[in-house]
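Visitor: Would you be able to build a 3D model of this:
(chains A, B, C and D)
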Protein chains: 2
Amino acid sequence: MTETPRQRARIETEAQITAIGNRMIDDEGVDGLSLRAIARELGVVSSAVYRYVKSRDELLTILIRDAFTEIADAVDEALDGHRSVETLALAMLEWSRRHPSRWALIYGTPIADYEAPREETVVPGTRIMVTLAELVAEIRDDAEAATEGDAKPRGSAAKSLQGGKERRGMEAALQPLRDGLAELGLDYDDHVILETITIWVAVIGLINGLRFGQFGPGFDDVEDDLMSEVIGRLGA
Amino acid sequence: MTETPRQRARIETEAQITAIGNRMIDDEGVDGLSLRAIARELGVVSSAVYRYVKSRDELLTILIRDAFTEIADAVDEALDGHRSVETLALAMLEWSRRHPSRWALIYGTPIADYEAPREETVVPGTRIMVTLAELVAEIRDDAEAATEGDAKPRGSAAKSLQGGKERRGMEAALQPLRDGLAELGLDYDDHVILETITIWVAVIGLINGLRFGQFGPGFDDVEDDLMSEVIGRLGA
DNA sequence: GATTAAACGAGAGCGGTGCTCTCTCGAATC
DNA sequence: GATTCGAGAGAGCACCGCTCTCGTTTAATC
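Guide: Numbering: from 1, shown residues only, chains lettered A, B, ... in the order given. Next up, the predicted model:
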């Protein structure tokens, strides 16, 4: 069942194309990703590239999945050292520094007239957020174990807590997120979900602000400190 | 000192161009902004447009300034009703719903090979964040007035509070933000700045996530509720 | 009022993009 | 050895931003 030389060559060329594509996005942003330029670099005429890749969009899907996987791997690796929300956030921030344009590719404005096929990108694209939810749940469990002796059941049926009119809005507001987690076979307490999404949007918002230069200049040396302060302010 | 017919015609054409440009971005995103298409719509050959606008980038700068101004006006108007962080956030969210692509233009991935001239965009671009800082400071002052009788001096010299090793990182981390505020003639307590930036990144992050579809489907009816819950979780 | 200067639009053209279609050649397969 | 099939070449289409030239029309000046 080994590959024929023909197949081997094909696989290698495909790998070259994605490698060049990743490098082009790193260097010039997603707009700099050009199949014609890839063809030039391969020493081949532009139409030849279409033997290996159906369209620019298909290549984009591959590169997006790549990026999601790479940053999630980086986060997992960092968490092997010390398991905390701060570690997770700093690992994302560090990856964004190394690959600003690929960061923008996955967490910035979606590409016009392109829709990532969900089945291709949902799983790698949600890995970090799921990890964050796990972390938040762990911390919450630890805290509860410390205060009270017994643990509450972990289901989503925590409606009676601090009941009142706000709870109804919260339940509805979190429904789509609960559904998304359910699709992945997960089930978390509403408070865990709210905590997770709050931290998530703050982390993504901060990294985007830094990467996109929305806060002005002068942050190069204080990015990590700023992230830590914000995480601290969030109480995580 | 009234305008000649010639000048009037020029001003009107310029207004038409920016109007068409705004509509094109609204309809098809920033990539859909094409000077050739604008020319077609004006019933004119493509090169003629360059009489009114030096380049696509120059038009972009105008449209970016426009968008910043419009959303900041919308926020100000909303705050005339009820002054709160939630009102500010919901007003931004509402504007983003009406103009998703123009939202992306100002808070999404920066346009490749384009740098907004700071002097043109800094002031309109920072209006909302400054308003948020004011709001946070007001709330803080109110809270202090309620707990203690006397108010602390409002300078940035609040280093002695809860001193320790974290404070030093916080001071450094917030320095670029303090500098940015100083450029606008503003001076806030470090804790106000940290609170402001935390809320800011969470709000931007949440709206980006919703607009860019990063949380999956099903949020259409709960966007406002979700924003309110997150703001509530942030304690603002 | 005639003349000059400035503004304007038309049109052709350059180099770039994604993508399609046809043709040819060489290598793997039968 | 004949045949099939995959790969690359090349031309071409429609789009883009932008530049240059060349008449024409308008406005200001003498």
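Visitor: neighbours around the closest residue to DNA strand D within chain A, how many?
Guide: Closest residue of chain A to DNA strand D, Cβ to the nearest atom of the strand: A:Ser47 (2.8 Å). In this view, the C-beta of every residue, glycine as well, is placed from N, C-alpha and C. A:Ser47 has 10 neighbouring residues, counting by other Cβ atoms under 10 Å in any protein chain shown.
Visitor: repeat for A:Arg6
Guide: 8.
Visitor: per-residue confidence at it?
Guide: pLDDT for A:Arg6: 73.
Visitor: residues touching it, list them.
Guide: By Cβ atoms under 8 Å, 6 or more residues apart in numbering or on different chains, no residues touch A:Arg6.
Visitor: Give me the below-cutoff pLDDT ranges for chain A.
Guide: Residues of chain A that meet the criterion pLDDT under 70 lie in A:1-3, A:5, A:148-168.
Visitor: how's it carved up into domains?
Guide: Following automatic domain parsing, one finds the domains of chain A at A:1-53, A:63-233.
Visitor: Give the buried residues for the helix or strand A:Ile25 falls within.
Guide: Applying DSSP states H and E as the criterion places A:Ile25 in helix A:5-28. Neighbour-count burial for helix A:5-28 flags A:13, A:17-18, A:20-22, A:24-25 (criterion: 16 or more other Cβ atoms under 10 Å in any protein chain shown).
Visitor: do stretch A:92-105 as well
Guide: A:92-96, A:99-105.
Visitor: which residue packs closest to A:Leu63, ignoring adjacent ones?
Guide: A:Gly21 (5.3 Å; Cβ to Cβ, 6 or more residues apart in numbering or on different chains).
Visitor: Now do the contacts for that neighbour.
Guide: Contacts of A:Gly21 by Cβ under 8 Å, 6+ apart are A:33, A:38, A:59, A:62-63.
Visitor: got the CA coordinates for stretch A:94-102 in CSV?
Guide: Extracted in CSV, the C-alpha atoms of stretch A:94-102 (Å, rounded to 0.1, in the frame of the first residue of the first chain):
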residue,chain,number,x,y,z
GLU,A,94,2.7,35.0,21.7
TRP,A,95,1.5,33.1,18.7
SER,A,96,-0.2,36.2,17.4
ARG,A,97,3.1,38.0,17.6
ARG,A,98,4.9,35.4,15.6
HIS,A,99,2.1,35.1,13.0
PRO,A,100,0.2,38.4,12.9
SER,A,101,-1.3,37.9,9.5
ARG,A,102,-2.3,34.3,10.2
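Visitor: For DNA strand D, tell me whether stretch A:25-36 is touching it.
Guide: No. For stretch A:25-36, no contact with DNA strand D is found by Cβ under 7 Å from any atom of the strand; the gap never falls below 8.8 Å.
Visitor: Please identify the helix or strand for the residue lying closest to the residue of chain A closest to DNA strand D once chain neighbours are set aside.
Guide: Spatial nearest neighbour of A:Ser47, excluding adjacent residues (Cβ to Cβ, 6+ apart): A:Ala39 at 8.0 Å. Here A:Ala39, judged by DSSP H and E, is contained in helix A:35-42.
Visitor: Ok, A:Glu134 next?
Guide: Applying DSSP H and E, one finds A:Glu134 within helix A:118-147.
Visitor: ok, now how distant is A:Val136 from A:Leu206?
Guide: Applying Cβ to Cβ, to the nearest Å, the value for A:Val136 to A:Leu206 is 17 Å.
Visitor: And the strands in chain A?
Guide: Remark: no strands are assigned in chain A by DSSP state E.
Visitor: Close to DNA strand D: what parts of it are there?
Guide: Neighbours of DNA strand D within chain A, by Cβ under 7 Å from any atom of the strand: A:6, A:10, A:13, A:43-48, A:51-52.
Visitor: coming back round to it: dump the domains of chain A to TSV, plus distance to B:Asp73.
Guide: Output for the domains of chain A, formatted as TSV (distance: least, Cβ to Cβ, whole Å):
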stretch	distance to B:Asp73
domain A:1-53	31
domain A:63-233	19
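Visitor: Between those, which one is closest to B:Gly213.
Guide: domain A:63-233 (6.7 Å; Cβ to Cβ).
Visitor: Check chain A for the residue nearest chain B and tell me.
Guide: A:Gly205 (2.7 Å; Cβ to the nearest Cβ).
Visitor: And the helices in chain A, which stretches?
Guide: With DSSP state H, the ranges of helices along chain A come out as A:5-28, A:35-42, A:56-81, A:85-98, A:100-107, A:118-147, A:165-183, A:190-211, A:223-233.
Visitor: Summarise which helices and strands the fourth one is packed against.
Guide: Based on contacts counted as 3 or more Cβ pairs under 8 Å, 6 or more residues apart in numbering or on different chains; DSSP states H and E, the elements that helix A:85-98 packs against are helix A:56-81, helix A:118-147, helix A:190-211, helix A:223-233.
Visitor: tell me the most buried of those?
Guide: Among these, ranked by average contacts under mean count of other Cβ atoms under 10 Å in any protein chain shown, first place goes to helix A:190-211 (a mean of 24).
Visitor: and that one with helix B:190-211, angle?
Guide: Angle of helix A:190-211 versus helix B:190-211, following axes from the mean of the first three to the mean of the last three Cα atoms, to 10 degrees, is 100 degrees.
Visitor: Tabulate the CA atom coordinates of helix A:190-211 in CSV.
Guide: The C-alpha coordinates for helix A:190-211 follow below in CSV (Å, rounded to 0.1, in the frame of the first residue of the first chain):
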residue,chain,number,x,y,z
ASP,A,190,-24.4,28.7,32.7
HIS,A,191,-22.1,30.6,35.0
VAL,A,192,-19.1,28.7,33.6
ILE,A,193,-20.3,29.5,30.1
LEU,A,194,-20.7,33.2,30.8
GLU,A,195,-17.3,33.4,32.5
THR,A,196,-15.7,31.6,29.6
ILE,A,197,-17.2,33.8,26.9
THR,A,198,-16.4,36.9,28.9
ILE,A,199,-12.7,36.0,29.2
TRP,A,200,-12.7,34.8,25.6
VAL,A,201,-13.9,38.0,24.1
ALA,A,202,-11.6,40.1,26.3
VAL,A,203,-8.6,38.0,25.3
ILE,A,204,-9.4,38.1,21.6
GLY,A,205,-10.3,41.7,21.8
LEU,A,206,-7.0,42.6,23.4
ILE,A,207,-4.9,40.7,21.0
ASN,A,208,-6.8,42.1,18.0
GLY,A,209,-6.3,45.6,19.4
LEU,A,210,-2.6,45.0,19.8
ARG,A,211,-2.1,43.3,16.5
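Visitor: Tell me the helices and strands packed up against it.
Guide: Using 3+ Cβ pairs under 8 Å, 6+ apart: helix A:190-211 touches helix A:85-98, helix A:100-107, helix A:118-147, helix A:165-183, helix A:223-233, helix B:190-211, helix B:223-233.
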